[in-house]
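For reference, the sequence and a predicted model appear below.
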Amino acid sequence: MGRRSSRHPATRIREGDRALGEVATLAVEEPLEVRIDGHAHVVAMRTPGDDWDLAAGYLVSEGTIWEREHLPEICYCTLASGRSEQDYNTLTVTLSPDIPHPAASRATTMTSACGVCGVDSIDEVRRSTHFPAPPAEPLLTAATLLSLPERLLEHQPLFRRTGGVHAAGLFSPSGELLCVREDVGRHNAVDKVVGWALREGRLPLRDTVLQVSGRASFELVQKASMAGIPVLAAVSAPSSLAVGLASDAGVTLAAFSRGERFTLYSHPDRVT
């Protein structure tokens, strides 16, 4: 399995003084090629680890699959030489025969900063979910929502070592942590959580809260909607597209969730 962090020599400067001989711990970023039935589909720049979850969650976010039975097999590829060692940067996904395969033109490289790379038109960016949000009814308290960023931080070991990764945590309405994933890409971290849920047979993720460590962008709201998550909370700002999509998709969007305050931008009735 690939390393999640690496060590690199560095020179630290503080108030004009040089600290020579420093060794920095860096988050690893490597490409992962995802193949569908042997055909190249996407190359994602990611932090190694939870790769099966990443591939599964990506396919959920794309609207390709939405049930565990749609993904009967997923495995690392063997090296081209035919040796028994695994190539941990290449995955082959087998889809259920009754699931239409994504168009070949969707094959692309997805950087760690991009959640919707490779679409052919703006109409493709917004996807229809198989799990429409139910009416906004009380789901969790404001106190629980405010506690989630700190609870997420407690389960970010790679961030503590490197300071260079994002995190996504799935919580119950009472604040119980169900799943947490870290990655150099914030959308990758969310895909890893969603993929875990798909492979565990938990979709749709009704009665859950998704807490993310960064800002609330359009693609994160869309990923939450595609997985049936009713509440998305972020410690930083939302974008205008994120707020618009959350309003239309029935997702409760909370942002600037830090300290003793947060701001609700859509469907506030889920927070009491």
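Everything's here; your move. Numbers count the residues shown, from 1 in each chain.

any idea where the helices of the stretch 101-250 of the chain begin and end?
Taking DSSP state H, counting those that start in this stretch as the test, the helices found in the stretch 101-250 of the chain are 122-125, 142-153, 157-162, 186-199, 218-226, 240-249.

how about the ones you listed, which one is nearest residue 136?
Nearest to residue 136 among those is helix 240-249; the distance by CB to CB comes to 10.9 Å. From N, CA and C alone the C-beta is placed, and that goes for glycine too.

How far does the closest one sit from its chain's centre?
Taking CA atoms, centre = their mean, to the nearest Å, one finds the center of helix 240-249 at 18 Å from the center of the full chain.

do the same with stretch 172-189
8 Å.

how far does that stretch stretch from start to finish?
18 Å (CA to CA, to the nearest Å).

could you pull out the strands for the stretch 51-200 of the chain?
Secondary structure of the stretch 51-200 of the chain, counting by DSSP state E, counting those that start in this stretch: strands at 73-78, 86-94, 108-110, 166-171, 177-183.

Please tell me how far the nearest residue to residue 3 once chain neighbours are set aside sits from residue 48.
Nearest residue to residue 3, sequence neighbours excluded (CB to CB, 6 or more residues apart in numbering): residue 28, at 5.4 Å. From residue 28 over to residue 48 the distance is 6 Å, taken as CB to CB, to the nearest Å.

Quick check: neighbours shared by those two?
2-4 (CB atoms under 8 Å, 6 or more residues apart in numbering).

gap between the two ends of stretch 130-142?
OK, stretch 130-142 end separation, CA to CA: 29 Å.

so how far is residue 60 from the closest residue to residue 63 other than its chain neighbours?
Distances taken as CB to CB, 6+ apart place residue 127 nearest to residue 63, at 4.6 Å, with adjacent residues excluded. Distance from residue 127 to residue 60, counting by CB to CB: 10 Å.

go on, residue 171?
Distance from residue 171 to residue 60, by CB to CB: 19 Å.

Closest to the centroid, which residue in this protein?
residue 190 (1.5 Å; CA atoms, centre = their mean).

for the strands of the stretch 51-200 of the chain, which one ends up most surrounded?
Compared across these, strand 166-171 shows the largest average neighbour count, a mean of 25 (mean count of other CB atoms under 10 Å).
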